[in-house]
Structures are given as structure tokens and as C-alpha cells.
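J.: Can you look at this prediction? I've put the sequence above it.
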There are 6 protein chains.
Amino acid sequence: GFVGADLENLVNEAAILAARRNKKAIGMAELQEAIERVMAGPERKSRLLSKRDREIVAYHEAGHAVVMHHLPLADPVHKVSIISRGMALGYTLGLPENDHIVIPRSKFHDEIAGLLGGRVAEELVFGDVTTGASNDLERATELARKMVKEYGMSDRLGPMTFGQKEELVFLGREIAEQRDYSEEIAQEIDQEIQNIVQNAYRRARQILTEKRDKLEALARALLEKETIEREEFLALMAA
Amino acid sequence: GFVGADLENLVNEAAILAARRNKKAIGMAELQEAIERVMAGPERKSRLLSKRDREIVAYHEAGHAVVMHHLPLADPVHKVSIISRGMALGYTLGLPENDHIVIPRSKFHDEIAGLLGGRVAEELVFGDVTTGASNDLERATELARKMVKEYGMSDRLGPMTFGQKEELVFLGREIAEQRDYSEEIAQEIDQEIQNIVQNAYRRARQILTEKRDKLEALARALLEKETIEREEFLALMAA
Amino acid sequence: GFVGADLENLVNEAAILAARRNKKAIGMAELQEAIERVMAGPERKSRLLSKRDREIVAYHEAGHAVVMHHLPLADPVHKVSIISRGMALGYTLGLPENDHIVIPRSKFHDEIAGLLGGRVAEELVFGDVTTGASNDLERATELARKMVKEYGMSDRLGPMTFGQKEELVFLGREIAEQRDYSEEIAQEIDQEIQNIVQNAYRRARQILTEKRDKLEALARALLEKETIEREEFLALMAA
Amino acid sequence: GFVGADLENLVNEAAILAARRNKKAIGMAELQEAIERVMAGPERKSRLLSKRDREIVAYHEAGHAVVMHHLPLADPVHKVSIISRGMALGYTLGLPENDHIVIPRSKFHDEIAGLLGGRVAEELVFGDVTTGASNDLERATELARKMVKEYGMSDRLGPMTFGQKEELVFLGREIAEQRDYSEEIAQEIDQEIQNIVQNAYRRARQILTEKRDKLEALARALLEKETIEREEFLALMAA
Amino acid sequence: GFVGADLENLVNEAAILAARRNKKAIGMAELQEAIERVMAGPERKSRLLSKRDREIVAYHEAGHAVVMHHLPLADPVHKVSIISRGMALGYTLGLPENDHIVIPRSKFHDEIAGLLGGRVAEELVFGDVTTGASNDLERATELARKMVKEYGMSDRLGPMTFGQKEELVFLGREIAEQRDYSEEIAQEIDQEIQNIVQNAYRRARQILTEKRDKLEALARALLEKETIEREEFLALMAA
Amino acid sequence: GFVGADLENLVNEAAILAARRNKKAIGMAELQEAIERVMAGPERKSRLLSKRDREIVAYHEAGHAVVMHHLPLADPVHKVSIISRGMALGYTLGLPENDHIVIPRSKFHDEIAGLLGGRVAEELVFGDVTTGASNDLERATELARKMVKEYGMSDRLGPMTFGQKEELVFLGREIAEQRDYSEEIAQEIDQEIQNIVQNAYRRARQILTEKRDKLEALARALLEKETIEREEFLALMAA
């Protein structure tokens, strides 16, 4: 049965799944999937990373955590780990201080920078980038797209929405959007999304360049202990 | 059973749903959905907003109401509230004085400005904008699109319609429109929609800048009493 | 049963439906729908227009009738009314003198101008335009589109057709056309359609500006009597 | 039963159907449809044309016949008639001298000019054009399109084909072509089709301007006798 | 039963079908179809060509054969015939000397020139082109398209492939390709295909201009004997 | 049953299939297909290559192997062979030294160069290119596309993803991507993919030009022995 560590595992797993899907709360879908993963757990233990891969993962997760820590509206870092879970080789868990329902534009900018922190760390430390950031980049792009198309947060495109949101159920699956705008607007939307992502990347790069020592310290701690909890994380950042 | 307050709740809920869908009357669909919401009511009580969120919602709703009050053809404000209902964190209820069936272009301009009043208030008061205006922006864009494509109200595009309206039922759902015009026309349509929305935004901004004191007074009243009825609203505006 | 006035109602209703669909004859579909409308008649009596709406409808219908009367190839005006029928708030019934099967280009230009007469009247009299012209604009656009794409009546695009007319039955409904031309041709088609509609609008505007007194007289007569038959209409135009 | 005149009617009808579909031979489909038309014949007698429509049809058919007679590769004129058959208000029957299977480019140019002869006659004689040429224009456009896309007969586009011809059966109907070329090629294809049609129009116009007396004589004969057979036609052309 | 000449007929027919489909070997599909054609053979005897059509076919087939004979990598000519088979009015049968599996770019250029030899001969001899080359042009275009998109044989577009080849089975039929590139690439692909086809056309034209006497000799022989076998063909070319 | 050589055959076959699909591990699908191929093995023995084809295959496979050997991040060469297996006329088997899960951008560049080594060798040695590289080019293009669109590895397009990855199951098959970007971005993506492939081609060409002697030696060894194992390969490279 699910007792002690198993239950904690389960909740941890579900929280990671929810974060990965840009959800603020764990839903039934996440719980279901987490149960399957935890029950299939022992098999994953065999997936041992090479030394090089392990270092990349450590600096990548440390990059997320350090950037998030230095941005006012990113969620506070709760835990950082380089233990593989499901498809993820590591994770940085941010938990919101209180449950905001109305999300301001400035918070989106900070969240996107936090998502890009992993890729920036790879580039700074190893001078090369990897496939490890793929899911982060997808989530950052998706947030930037929503800012422009659903929340009217682009000054250039104005306080409007783009793309019909009526959900067409097509043979049992939803197609989320019908394109109802011209090619010129499509191009402006793309430029705005690129601007948002590239500005966030520059901010993340500036933070990690200035706080390189914190990045190194956290990565070393991760390589040693695999998981760093909030208290130890704050101590490292304050050092 | 539905007695007293429940029934009033039910009608309120249905009226909000209808307004959100740009309908002037409550239909069976709204009633049905309202019944489900009211019966599921107690659960929603747990959704308590943070102080910050509550302030944003108050200024947002006050923005709608103050703009609507100062435009000749917007519906008179009947009630303003920051009590959550369904997906809405607050609502401003405008009821038409008499049931106009033929709607003039000038009324559309006023309605769009009213819809944008919430976003304008956020920007003026907090210097930041939030996801809270998403549904307003979608409705404003949709009204502007109909003006240009269905009602021939754009001088630049002329007294014509664009997009075949024959409703194709595709696997049980309607696809509302077939695009029957060139990319150049698509671009002109987009520009006209943007012009309409941006002009309405400027008008809403001018009103709230000039009537900042009314905005503040109404927001404070909402934070204190949560719901302001028509009489008190008129008194605040006249003060 | 259907006796006397009911039967006349029925034919009137079907004639309006047919005209609205650009048909010269009443078909089974129109009869069927007319029967349903007439049987559902008493309910519609409750739809009382406001004074303002009633004036707009009167000038709108008078606009159609006065323009049609002053164009050589538009159908002679048979009846004008501001009594609501089905979705229509009023109607102007034109009946062809004899049943032409081959329709010349010049007649299309006159018919389109007649369709736009309602919108022009609104603009001249009230300085604003309304949603009331929506169906007229759709029919005018459709006629102009057929002139250019099906009847080869655009000098610029030449004596050709555009768009494969083979009717593809897709899941039980016809998609009328496959686009078989380039974006450049699509743009030229749009420009020709716009030219046709805008020229017709100018002609309708010139007629109503010159015959403003007839427009006023007919609108006043409609507001008083609700329906004007052919003889009285001709007397008003000759006054 | 089908005897004497009925049988001749039947073959005539099928021949017109086949020509209208750009077929050189009568197929089962044409026979089937012709039988239905002939059996439904008496009903069509009620479709009496107005004097004006009848004149337009006479000049239109005379236009086809005179142009075809003066072009070396157009099919010899077998019969001209202004008696309505099926959807057609008149017809000009051309029968090939011998059954060519390999069709040269020059013959296509003559056939297209013949198809446009009806529209040209309307324009020359009445100074207006009508919907009567719609099917002719569609067939002319289709032949020009095939020359460019299937037969590689455009010098500018070269000896190639455009558009995948694999016939995709989609829910029981064929979609004849998948577009497998760029927008630029689509534009060049359109220009070549327009050139072919407009050159043919100019040739038809030149012939009918020079042979205006033959056009008048044939139209007058048609208005008097309704149907002109080959011998009488040749006599009129030789007069 | 199938004995003697029938069996040879059968194999001949299947070989032509395979060649027409750009296959190097006869498959079950070709055999099946060939059996049907041979069994339906006597009916086709009634399709007698006119003298003019017969001459066009003779020069057309001679054009293929003479061009193929003078290009190093085109398949050696095995048989030339002007006897109709299935849809083909004549055929030139080339059989590869040994069964190459890896096909070089230079062989594609020669094969395309051979396919265009028929059209070139028509143009040189008659000064007009016909529908007879339609299938040749389609095959030539298809080979050029594969060179550019599947085999990476265009220097300008580079050693890459274009168009996702995953075959989507859509309601029982394969759609061979999803377009996964931009309009600009689509335009470059078209230009490369046109270049390949037009260069091959020029080479075929040069050969037939220089070897006009061989073309005439072979066409005359075909008109006399209808079918020329390999030995006689080689003798004519060597004369 | 599967004993000895059969089993080795089976694993070899599955490894080739997996490599061809850009997979690092053999899955059930590969095993299943490999079993079918091995059981159908004897039939394939009849596919004997011509001398010319055999030489092309030998230089092609030697090209892959020599390029892979001289690039730091390409997988070490395990075996090279010109024995046909399934659809492949030869194969070069690279096995990763240790199982990297996080793949850096620089490794992609080396892998793409290795894939293009076969085509480069054909061009250098024979001065012509063949259809033999088709699958290599497709895999190289696919890797370059993923770098740009899924892994954010293009500096020009930035650390974002392009194309919605939600997999829409459409009538039983997945359509992998919905295009959610403008034509301009599509064009930039194409240019980046072309740049990546062409740079890799240049690197492969430089290696094979400098190591032409190794290429010749390996090709000669393959023509003699058909399969070269790792030890002999290393000896040849070190010679």
C-alpha cells in the first residue's frame, strides 16, 4: 500500500506533472499519472546517468533555481533535485506564496525567465546547449503566446485577443483554435513572442552571470546530495 | 428547493452568463447552467481571494462601471459586485433601458469602451495589467469583428459583408464561417478591428483619467460592501 | 384552417423568404417555412418595436423603395411594410414585370443599388448606421460576387469563371466551391466586388439625396399606416 | 414508347449534354439523363421566353455558329436552335468531321473562340452582357486550364504538368487535384489561362465585327424558324 | 486460353503499364490489369485512327526512340509501335541492360529527355503540339520532382529532402506528402523542376534537329509496318 | 528455430532499423520487423547487385564510416557492410560509447555530417550522385529540423519551440504537428535547416578530401570482404 515515503513520492510526482503543464494545482489527471509512475518506480532506478549527463542536469536545475530566486514575482523555490522522475532528469519545484488567481504581466515575464534559467546555465558553464531544455522552452513559448493572444498583454498588438477559442471537438479531440487573422498579424504575433522570450533570456543570463558563484555552489551541492530542500537552498543563496 | 435568495441568485447568475455571451436576453442554456452553478454554490465559497487579487478585481469592476456610466449609449449600470460567480471573480451588470432590436454603430463603440474599462483601470491604478481582462478583451474583439465583417460598419471596407455565413455542420458542430476573401482583405479587416478596439481603449482611458476620483470612490465602496446596487452607484457618481 | 387573410399572409411570407434568398419564384422550401411562420404568428405580435427602432425601420424600407423606383431595371415596388415578419422587421416587395430568364449586367447593378437603399437612408436621415442592413449587405455582396466569378461580368477579370463549381457533398452538406486560383486573382476579385458595391452605394445615395422629399413622405406614410400598397406608393412618388 | 421524333429528340438531347461536358462521344450518363429529360418534356413547354429574352438567345446562338464557321479547326456547325432543352435556352451543335483522338493546340484555341462567340454577339448587338453565357465561359475557362496544366501547351510554363492528378476519393466523391506547386506558379497559370481566353475573345470579336451581316441574317432566321439545319446554315453563310 | 501470341500480348501490355508508372519491374497490379485489357482486346480493334492522327503518333513514338538511342544512360530501345494498347495510341519500349538499383542523377536527366522526345518531334515536324504527350509530360515532371524533393539532387536546394513522407492513410487512400516547408522553398522547388524539364527538352530538341533523317526514317517505317523490333531499329539508326 | 547466426542476424537487423529511425535503443517494433525480415531472408539472397552498383554502395558506406571516425561526437563505428538487409543495400553501424540521454548541439552537427558522408563519397569518387542517399538525407533533414523547432538550438530563431506538438489522432493516425507560426518564421526555419545541413556537408567533404586514402582503402576492403568489423576498421584508419 501507499505509506510513508510512497505517499510523499506520489505527491511530489503529481506536483511536478502539474508544474510541467502550467497548472497551479494538482488535478485528478496528475494524481492518476503519478500513481502509475510511482508504482512503476523501481524500474526507473536502472536509468543511471553518465557523469557528464549528471553534471549537465545539476547545472541546468541550479540555473532554474538561481534565476527564480532573484526575480521578485517568480514562485519561491521549494526543492531542487537531480533525481530522475518520469521523463524528467531533474526538477526545480516552485510553490506560490499565496494562491493568486489574477496573474499580472510582470509575473509572466519572471516565470519565463525562470524557465529559461536551465538553458542559460548550460550555455554559460559548458559553452554548448542540449536537448535537456526542450520542455522548458516549450512551456516558455506557450506562456509568451498566451500573453500576446489570450491576455492582450502586447502593447504593439493592443488590448485584443487573437484566434477563436471555441473548442471544436473533431473526432473526439479538441482543436484549440481557429486562425481568424491575417498573415501580417501572424507575423506580428511571432515577433512579439520572440521579443518576450529573448528579453527573458537576457534577464536570466544577466542574473546567472552576476551570481555565477551561487550557481556553482548549488550545482556542487546537487551533485553531492542530489536533492536540496528550501532551507538549505536559502542558506546557499545567502552565503 | 429554490426559494427567496436562491431564486435571486439563479437569475443573477443567468444574467451574467447571458451578458458574457453578448446576449440581451436569458435563454434556456443560461438558465440550465445557472441552476448547476447555484446548486454547486457552497463549494465556491472556499475560493477566497488574496488581498491583492481583491483590490485588482474591485478597481477592474469599478473601471467597467465608471466608463459605462459616462458613455451615452452604453447600458445603464444596474449592479456592480466583487463576489465570485462561476468563473467570474466579479461582475458589472448593465441592463438596457428599452429593448433595442436595431443596434446603431455608435452604440457598439460605447459597448466596446465599457468592456475595456476594467483593463484600463488596472493599468492606471497598478501600472500593470492582468489575466483578469481576458474575457472582456475577447468580447470586445468579437464585437469589433462583427461590426466590420457582418454589419458593414467600416467606412474603409465599405457596405459589404465578408466571410460566408452558411453554417456548415461538421461532425455535429458548426463551423461558423468560410473565408471567401483574399489575404489583402484579411489584413484590412484586422486593421479596422484594431482601430476600433484602440479608439475605444483611448476613450475609456480618457474617461477614467478625468473621473479618477469616481473610480477610487467606487472601488473603495466595493472593497467595503462587495456589491453596489444602482441607487448607491448613481449617488457615488453624482457626488 | 387556412382561409382568407391567412392564405394571403402565407403567400406574402413565402414571397419575402424567396426574395431574401435571391430566388425569383416561391419554392417548396419557402412554402414550408412560411406555413410554420404563419402558424407561429400570434407569438410574434409581442415583439413591439421602440419608437426609435420603428422610425429607423420606416426610413430603411422607404430607402429601398425610393431607390428601386428610380432605377430602370430594378423590379417595380409592389408593397412596402414595417410590420415584422419572421426575422425581418420590415420588407419591400419588388415583383418583376415579366419573368426574365436571361439577366443583363445592368439589371444586377440596379438590384444591388436597391438593396443598399435602406442603409443609405439610415445614414442620410440619422447620421448613423445600424445592424438592420446586415441581410441586405450580404445579398448585395453575394450578387456582386456572382457577377465577377460566375457570369464573367468584370471587364478587368475578363469573360471567364473563377472557382470550381462542382458541388462536393461533405458529410451531408454542400461546399459550393473549391478555390482554383491564385492569391493575386483573389485580390482582383475582391477589388471588383468592392467597386461594384461602392458604385451602387453612390448611385443609391445620389437618388435619395435628390429625392429626399419622396423618402420623407413614404417614411411618414409607413409610420402612420404600416403598409403601403402599389397604388398609394405610385401616388406618393408622383406627388 | 420511344418512336420516331422521340428517338431523334433523345439523341439530340444526349449530344447537347455531351458537348456541354466537353465530351466527344455520348456516354451512358448522357443517355440516362437525356431519357429523363425527354420523358419530362411536355412540362418544359410552359417555359415561354419573353420577346427580349428570345432575341438575346437568338443572337447568342448565332454568335457561336458564325464564329465556329469561320475558324478552320472548330467543329462544323450541324444545327442551331433557340428551342429550350433542359437547362439550355438554345444550342449550337457542332459535330467533328472525323473522330480525332489526338487534339492539337490550335484546335483548342478555335474551340474556345467558338464558345465565346455567344457572349461577343450579345455585347456587339445589345451593348450589354447577360447571365446566358455562364456555362460557355465555364467551359472555355476549363479548356484553357487543361491546356496549361494537363497538356503542357503554355510556352511560358513549359512542357510540364501541374497539379497531382491522382484522384482522391473523399467520402464517395473525387477531388480531382492536389495543388503541388507554389503561389508564384499558381499566378503564372492564371495569367496564361487569362491570356488564352482573352485572345480567343478578341478573335471571336473580330470575326463577328467583320461578319455582322451573317450574324444578323442567322439571328433573324432563328427568330422566324427556331431551328436551322446544316444546309440552310451553309446557304446563309454563303449568301 | 492464353497461348502463343496472347501470352506475348499479355507481357507486352504489362511492361507498358509498368513503364508508364515509372516502375522497373512488372508487378501483380500490372499483370492483373494487363489480363483485363488483353481479354477485352477485340473491342479495341474498332478504334481506328484517322490518317492525320496516325502520322502524329508515328512521329511522336519515333521521337521517343531516336532521343533515347542517342543518350548514354537512357534504356536501350527494345520495340517501337503505333498499335493502340489500352489508353496508349502507341508505345516505345525501353529495357534496361542490367538491373540497376542505385540510380544516378545523370540517368534521370537522360530518361526525362527521352520522355520529352515525343512532344519535341510533334513540334519539329508539324509545328503544333497535341494532347498526345500528356502522360509523358506528367511522368517527366514527376521524375524531376523526385530528383529535387526526395533524392536531394538539386545543387541549389542542397542535399536534403522536402515534404514529410509519412503516408497518412485518409479514409482508405494514401495522401503521399505533408508540406512542411515555406512558400519560398516551394517556389525554389518549382524553379528547379522547371529547369530540369526545360534543359531536358533542349537536349531532346538538339538531338532530333541533328538526327532529323533518322526521325523521318523511323516514322515512315512505323507507318508502313506499325511495329519495329530492336534489330530493325538498330539498322535504321545505323543507316 | 533461432540459433547461433540467426540470432545475431536478428539483433543486427533490429539495430539497423532502430538507427534508421533515429532511435538509440531497439524497441519491440524493431524486433518484430527484424524477425519478419530474417525469416524472409533466403529470398533476399537473389538480389545480386551489378558490379557498378556494388562499387557505389562500397564507397557510400565507406564515406559514412570515415566521416564518423574523424568527428569527436559521432558514435564510434562498430561494423561496416555492403550486404543487403531489408531495403538497405549496405549499412554502417555506430554504437554510442555510453548511453547519453542529454544530447548536446555539437553532437547533432557531427551526426548530420556522418549521415551525409555517403553522398559526399559518391560525389567525390564518381562525380555523380545517386538515389542511394535518399534515406540518409531524410534523416539528416529531420535531425536539423528538430534542432531548430524542438530543441531551440538556432541562435537566429532563439530559445523557443515552433509547432504545437499535441498529437492529434486523426482517423487512427497521428498528425504530429499543427503549424502555429507565420510564413516568415517558416522561411527562417527553412533557412536555418538548410544552413545546418550545408555546413555539415562541407565538413564531411573536407574530411573525405583530406582522408581520401582511408576512403579508398576501406571501400576496397569492403568490396573484397563485404563486412568489416571494428578492429579491422580501426587498423585501416590507423594505417
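T.: Sure, I can see it. Residues are numbered from 1 along each chain as shown, chains lettered A, B, ... in the order given.

J.: ok, now how distant is A:Asp53 from A:Gly90?
T.: Counting by CB to CB, to the nearest Å, the gap from A:Asp53 to A:Gly90 is 10 Å. C-betas here are computed from N, CA, C, even on glycine.

J.: Look at these two and report which has more neighbours.
T.: Comparing A:Asp53 with A:Gly90 by neighbour count (other CB atoms under 10 Å in any protein chain shown), the higher total belongs to A:Gly90, at 24 against 20.

J.: Who are the contact partners of that one?
T.: Taking CB atoms under 8 Å, 6 or more residues apart in numbering or on different chains as the criterion, A:Gly90 is in contact with A:Val57, A:Ala58, A:His60, A:Glu61, A:Val80, A:Ser81, A:Ile82, A:Ile83, A:Ser84, A:Leu222.

J.: thinking A:Pro159 is in contact with B:Ala204, fair?
T.: No. With contact defined as CB atoms under 8 Å, A:Pro159 does not reach B:Ala204; the gap is 9.5 Å.

J.: Can you pull the poorly scored residue ranges out of chain A?
T.: Filtered on pLDDT under 70, chain A yields the residue ranges A:1-13, A:24-48, A:86-87, A:97-99, A:165-178.

J.: Now do the helices in it.
T.: Here chain A has its helices, by DSSP state H, at A:5-20, A:28-39, A:41-44, A:51-69, A:105-126, A:134-149, A:183-210, A:212-225, A:230-238.

J.: Flag every residue of chain A that's near chain F.
T.: Within chain A, the positions lying close to chain F (CB under 8 Å from any CB of the partner chain) are A:47, A:49-50, A:52-53, A:56-57, A:89, A:116, A:119, A:126, A:128-134, A:137-138, A:140-141, A:144-145, A:170-173, A:175, A:183, A:186-187, A:189-190, A:193-194, A:197-198, A:201.

J.: Name only those of those residues that count as buried.
T.: The neighbour-count test (16 or more other CB atoms under 10 Å in any protein chain shown) marks A:49, A:53, A:56-57, A:89, A:116, A:119, A:126, A:129-134, A:137-138, A:140-141, A:144-145, A:186, A:189-190, A:193-194, A:197, A:201 as buried among the residues of chain A next to chain F.

J.: Turn the contacts of A:Gly90 into JSON lines, including distance to B:Asn22.
T.: Formatted as JSON lines, the contacts of A:Gly90 follow (distance: CB to CB, whole Å):
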{"residue": "A:Val57", "distance to B:Asn22": "50"}
{"residue": "A:Ala58", "distance to B:Asn22": "53"}
{"residue": "A:His60", "distance to B:Asn22": "47"}
{"residue": "A:Glu61", "distance to B:Asn22": "47"}
{"residue": "A:Val80", "distance to B:Asn22": "47"}
{"residue": "A:Ser81", "distance to B:Asn22": "48"}
{"residue": "A:Ile82", "distance to B:Asn22": "51"}
{"residue": "A:Ile83", "distance to B:Asn22": "51"}
{"residue": "A:Ser84", "distance to B:Asn22": "50"}
{"residue": "A:Leu222", "distance to B:Asn22": "53"}
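
J.: And those, which is closest to D:Leu218?
T.: A:His60 (87.0 Å; CB to CB).

J.: That closest one: what's it in contact with?
T.: Counting by CB under 8 Å, 6+ apart, A:His60 makes contact with A:Gly90, A:Gly118, A:Arg119, A:Ala121, A:Glu122, A:Gly132, A:Ala133.

J.: Recalculate using a threshold of 7 Å.
T.: Neighbouring residues of A:His60 by CB atoms under 7 Å, 6 or more residues apart in numbering or on different chains: A:Gly90, A:Gly118, A:Ala121, A:Glu122, A:Gly132.

J.: Same question for A:Ile82.
T.: Here A:Ile82 is in contact with A:Arg54, A:Val57, A:Ala58, A:Glu61, A:Gly90, A:Leu222, A:Glu226 (CB under 7 Å, 6+ apart).

J.: Let's see that with 10 Å instead.
T.: With contact taken as CB atoms under 10 Å, 6 or more residues apart in numbering or on different chains, A:Ile82 is in contact with A:49, A:53-62, A:89-91, A:219, A:222-223, A:225-228.

J.: Please tell me how far it sits from chain E.
T.: Separation of A:Ile82 from chain E (CB to the nearest CB, to the nearest Å) stands at 36 Å.

J.: pretty sure A:His64 contacts A:Leu116?
T.: Yes. Using CB atoms under 10 Å, A:His64 is in contact with A:Leu116, at 8.7 Å.

J.: Mutual contacts of these two, please.
T.: The overlap between the contact sets of A:His64 and A:Leu116 (CB under 10 Å, 6+ apart) consists of A:Ala133, A:Asp136, A:Ala204.

J.: Now flag whichever of the contacts of A:Gly90 is closest to chain C.
T.: Set against chain C, the nearest of the contacts of A:Gly90 by CB to the nearest CB is A:His60 (45.3 Å).

J.: Skipping its backbone neighbours, what lies nearest whichever residue of chain A sits closest to chain B in space?
T.: Closest residue of chain A to chain B, CB to the nearest CB: A:Ser182 (3.8 Å). Once flanking residues are discounted, A:Ser182 sits nearest to B:Ala186: 3.8 Å by CB to CB, 6 or more residues apart in numbering or on different chains.

J.: Hmm, the one you found is touching A:Tyr181, no?
T.: Yes. The criterion here is CB under 10 Å, and B:Ala186 meets it with A:Tyr181 at 7.3 Å.

J.: shared neighbours of these two, anything?
T.: Counting by CB under 10 Å, 6+ apart, nothing touches both B:Ala186 and A:Tyr181.

J.: Show me the residue at the heart of chain A, geometrically.
T.: Centroid-nearest residue in chain A: A:Leu115, 4.3 Å away (criterion: CA atoms, centre = their mean).

J.: Give me the distance between the closest residue in space to that residue that isn't next to it in sequence and chain E.
T.: Nearest residue to A:Leu115 in three dimensions, chain neighbours excluded: A:Ala140, at 4.3 Å (CB to CB, 6+ apart). According to CB to the nearest CB, A:Ala140 and chain E sit 24 Å apart.

J.: for A:Ser134, same thing?
T.: 19 Å.

J.: quick one: contacts for that residue?
T.: With CB under 10 Å, 6+ apart, A:Ser134 has these contacts: A:Arg119, F:Lys146, F:Glu150, F:Tyr151, F:Gly152, F:Met153, F:Thr161, F:Lys165.

J.: just the buried members of the contacts of A:Gly90?
T.: Neighbour-count burial within the contacts of A:Gly90 applies to A:Val57, A:Ala58, A:His60, A:Glu61, A:Val80, A:Ser81, A:Ile82, A:Ser84, A:Leu222; the criterion is 16+ other CB under 10 Å.

J.: Might one say that the fifth one is in contact with A:Leu223?
T.: No. Contact criterion CB under 10 Å: A:Val80 and A:Leu223 do not qualify, at 11.8 Å.

J.: Does chain B have contacts with stretch A:201-215?
T.: No. Stretch A:201-215 lies apart from chain B when judged by CB under 10 Å from any CB of the partner chain; the minimum separation is 16.8 Å.
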